[in-house]
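> I'd like to go over a predicted model; first the sequence, then the structure.
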Amino acid sequence: MSADVARGHGGDCGGGGDPPRWNSNRIPTSCETSKQKNKRGPSKGKNLEAVWKANGNRPLPVLFDKSFEGTYYGLGDNGTKMNTLLGSLVRTLVPPYYLSWDEVPVEVKAPIIPRVETFFDIGRNTHDWERINVGLDRYCARRYADNKWKLHDYFKKQGGRNNVARARRNPPSRLTLETWNQLIDVFLNQKWQDRSNKNSDNRKKQRFSSFHGTRSYINTRFKKMNPETKQIQGAIENWHDNHFKENRGWANEQARLAYEQLVVEKQIQSQHATSSSANGFVVNEGAIFSKVFGDRRGHNIGLGRKLKRPSGLPCSSNTSTPSSYETMKQMIQGAQEASDRHHE
């Protein structure tokens, strides 16, 4: 399967630590993620400033996934750097006390796209822009939810609903007391509690264990692109690699059985093509995954997210962008340091 991507066109468009303190006027300048139990090596995000300078201080091109229904997830080194910057901006520019990302006011989200465009060409003037923007919005929603759950874990450790008074007296060092109490009000909201319980139940129902952690399926496939043919790894082969290790075997029995079903369906599809003498036949892995796993709202198992929402991030050309080099350097530094501690 060749790389099916959307791209910009040259940059001519405009845990151990506490959870982050929110300040709407502050640009990310330091690592603002909780510690990971397992440390990893130096992140490629460390080179963001160097890469940006080497590109003449012009926006870096980003590839976006268009395979199957299109996740429009940022791919490759530049995509990873962009995702890291997005996460850093969400953590520092958006207060955590909204019930969900979709309820964050437009004016609060407005600075995100212009600041990302300082460093990355995200295809504003391409025909894919609407879908790209929705993909960026959904990535921000994921990061916003992840940050809120970390804060919720901190809330529970400080007493949670069993000792709300104690929790209110002990805000994380990076949140103001006012912001912390507004967030606690959200945690005590019945709608939040119902959603929390539902998500907990859904996690218990997950059938497939895996070894790929928080990395997206499409990025693990993209990283295994054939350098000569420019073909990214097939989704079925990727399922095998993400759920099987030579020294550990299958992540669980369900993952093994699913892989066997995928292989069988691929063989059936190929046999039908042979019997009908179809020319130029290409295996439709999207159809195979849909048949094996069924359809799910918002997500294709083994392939990634679905983009159904019509709206994306606000991107008015009237929104001001940071212009001074020092301001941009601070933004890059924040993305670099967050990348070193947060696995995107």
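That came through fine. Numbers count the residues shown, from 1 in each chain.

> quick check: pLDDT value at residue 278.
pLDDT for residue 278: 59.

> ignore what I typed, I meant residue 46.
pLDDT at residue 46 comes out at 54.

> and the one 5 residues further on, by the same measure?
Among the per-residue scores, residue 51 shows a pLDDT of 88.

> just give me the neighbour total for it.
17 (other C-beta atoms under 10 Å). Backbone N, C-alpha and C define where each C-beta goes, glycine included.

> OK, contacts around the residue nearest to it when sequence neighbours are not counted?
Leaving aside its sequence neighbours, residue 51 sits nearest to residue 60 (C-beta to C-beta, 6 or more residues apart in numbering; 6.3 Å). Going by C-beta atoms under 8 Å, 6 or more residues apart in numbering, residue 60 touches 11, 51, 52, 78, 81, 82, 119, 120, 121.

> again with residue 177
Contacts of residue 177 (C-beta under 8 Å, 6+ apart): residue 171.

> do I have it right that residue 95 meets residue 109?
No: using C-beta atoms under 8 Å as the test, residue 95 is too far from residue 109 to be in contact (11.6 Å).

> higher neighbour count, these two?
residue 109 (21 against 15).

> please report how far that one lies from residue 102.
Distance, residue 109 to residue 102, by C-beta to C-beta, to the nearest Å: 10 Å.

> try residue 211
Going from residue 211 to residue 102 by C-beta to C-beta gives 32 Å.

> which one of those two has more residues nearby?
Taking neighbours as other C-beta under 10 Å, residue 211 and residue 102 compare with residue 211 leading, 14 against 11.

> list the contacts for that one?
242, 243, 244, 245, 248, 251.

> out of the residues you listed, who's nearest residue 204?
Taking C-beta to C-beta as the measure, residue 204 lies nearest residue 251 of those, at 16.6 Å.

> show me which residues of the lengthiest helix in the chain are buried.
Longest among the helix segments of the chain by residue count, using DSSP state H, is helix 129-157. Within helix 129-157, the residues that qualify as buried are 129, 131-144, 146-148, 150-152, 154-155, counting by 16 or more other C-beta atoms under 10 Å.

> and the nearest residue to residue 293 once chain neighbours are set aside, what are its phi and psi?
Excluding the flanking residues, the one nearest residue 293 by C-beta to C-beta, 6+ apart is residue 301, at 4.0 Å. Per-residue torsions, residue 301: phi -60, psi 130 (degrees, to the nearest 10).

> burial count for residue 301?
17.

> who's in contact with it?
Contacts here follow C-beta under 8 Å, 6+ apart; on that basis residue 301 touches 208, 289, 293.

> show me which of the residues you listed is closest to residue 172.
Among the contacts of residue 301, residue 208 lies closest to residue 172 (C-beta to C-beta), at 33.7 Å.

> let me see the ranges of the helices in the stretch 1-150 of the chain.
For the stretch 1-150 of the chain, the helices defined by DSSP state H, counting those that start in this stretch cover 48-54, 76-93, 106-109, 112-119, 129-157.

> worst average pLDDT in these?
Among the helices of the stretch 1-150 of the chain, helix 48-54 scores lowest, at a mean of 85.

> so which bits of stretch 248-264 are buried?
250, 251, 255, 256, 258, 259, 262.

> can you put those in TSV and add secondary structure and distance to residue 195?
Formatted as TSV, the buried residues of stretch 248-264 follow (DSSP: H, G, I helix; E, B strand; the rest coil; distance: C-beta to C-beta, whole Å):
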residue	secondary structure	distance to residue 195
250	strand	32
251	coil	28
255	helix	28
256	helix	33
258	helix	28
259	helix	33
262	helix	32
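
> closest to residue 175 out of the helices of the stretch 1-150 of the chain?
Of all these, helix 129-157 comes closest under C-beta to C-beta, at 7.8 Å.

> name the helices or strands packed onto that closest one?
helix 76-93, helix 112-119, helix 177-187 (3 or more C-beta pairs under 8 Å, 6 or more residues apart in numbering; DSSP states H and E).

> list the buried ones in whichever helix or strand comes after the last one?
Under the assignment DSSP states H and E, the closest C-terminal helix or strand after helix 177-187 is helix 190-204. Judged by neighbour count (16+ other C-beta under 10 Å), helix 190-204 contains these buried residues: residue 192.

> would you put the C-alpha positions of helix 190-204 in PDB?
Extracted C-alpha coordinates of helix 190-204, given in PDB (Å, rounded to 0.1, in the frame of the first residue of the first chain):
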ATOM      1  CA  GLN A 190     -23.300  14.300  37.800                       C
ATOM      2  CA  LYS A 191     -22.700  14.400  34.000                       C
ATOM      3  CA  TRP A 192     -19.000  14.100  34.600                       C
ATOM      4  CA  GLN A 193     -19.400  11.200  37.000                       C
ATOM      5  CA  ASP A 194     -21.800   9.400  34.600                       C
ATOM      6  CA  ARG A 195     -19.300   9.800  31.800                       C
ATOM      7  CA  SER A 196     -16.400   8.700  34.000                       C
ATOM      8  CA  ASN A 197     -18.300   5.500  35.100                       C
ATOM      9  CA  LYS A 198     -19.200   4.800  31.500                       C
ATOM     10  CA  ASN A 199     -15.600   5.100  30.300                       C
ATOM     11  CA  SER A 200     -14.400   2.900  33.100                       C
ATOM     12  CA  ASP A 201     -16.900   0.200  32.100                       C
ATOM     13  CA  ASN A 202     -15.800   0.500  28.400                       C
ATOM     14  CA  ARG A 203     -12.200   0.000  29.300                       C
ATOM     15  CA  LYS A 204     -13.100  -3.200  31.200                       C
END
